[in-house]
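K.L.:
this one's structure only:
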C-alpha cells in the first residue's frame, strides 16, 4: 500500500483497480483537479465521478484510480492510471463521460496534469500527483 501523505484536509479514497491492475511496462497517468463554487457543487461532482467509477472494473485499458478531495476548498478530482494514453482518451470520449463534462462546462474550474510513467509504482505516481493536489488550483488553458 502507498505511504504518501498529503496535507491536512486532503482525502484520498482507497485504490480502485481496473481490469488490468498489475501492468508490466509503462503506464499513462492522468490527474484531474476540479474547483467548485460551493460545497453542494463539490458533492455533486463527487457523485458524478462515483457514478462513472461504477464502470471502472470493466473499463478497457484502466489500471486503477484514486479519488482525492479537499472539501474545505471545494476541490477534488482523480488520479487515474491507464495502460496507454489512447485508453485514457477513449474514456474521455465515452458518451457517459462527455455528458457529465458538458453539464459542468463553464460551471467549475478544471486543472489537468498527465504523464507517461516508466512503470506502475503507486508511491511514485501519488508523489507526482501530489504536486497538483498540493498546489493552488490553476484553471486549464
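P.N.:
Perfect, thanks for sending it. These numbers were taken from a predicted model, which means no experiment stands behind them.

K.L.:
Show me what the biggest helix by length in the chain is packed against.
P.N.:
Counting by DSSP state H, the longest helix found in the chain is helix 39-53. Helix 39-53 sits against strand 62-70, strand 75-82, helix 95-104, with contacts defined as 3 or more C-beta pairs under 8 Å, 6 or more residues apart in numbering; DSSP states H and E. All C-beta atoms are positioned from the backbone trio N, CA, C, and that covers glycine.

K.L.:
doesn't residue 34 make contact with residue 110?
P.N.:
Yes: counting by C-beta atoms under 8 Å, residue 34 is a contact partner of residue 110 at 5.9 Å.

K.L.:
tell me the contacts of the spatially closest residue to residue 130 that is not a sequence neighbour?
P.N.:
Excluding its sequence neighbours, the residue lying closest to residue 130 (C-beta to C-beta, 6 or more residues apart in numbering) is residue 6, at 6.0 Å. With contact set as C-beta atoms under 8 Å, 6 or more residues apart in numbering, residue 6 has these partners: 12, 68, 130, 133, 134.

K.L.:
State the mean pLDDT of the strand or helix carrying residue 91.
P.N.:
Assigned by DSSP states H and E, residue 91 falls within helix 85-93. Over the span of helix 85-93, the pLDDT mean works out to 95.
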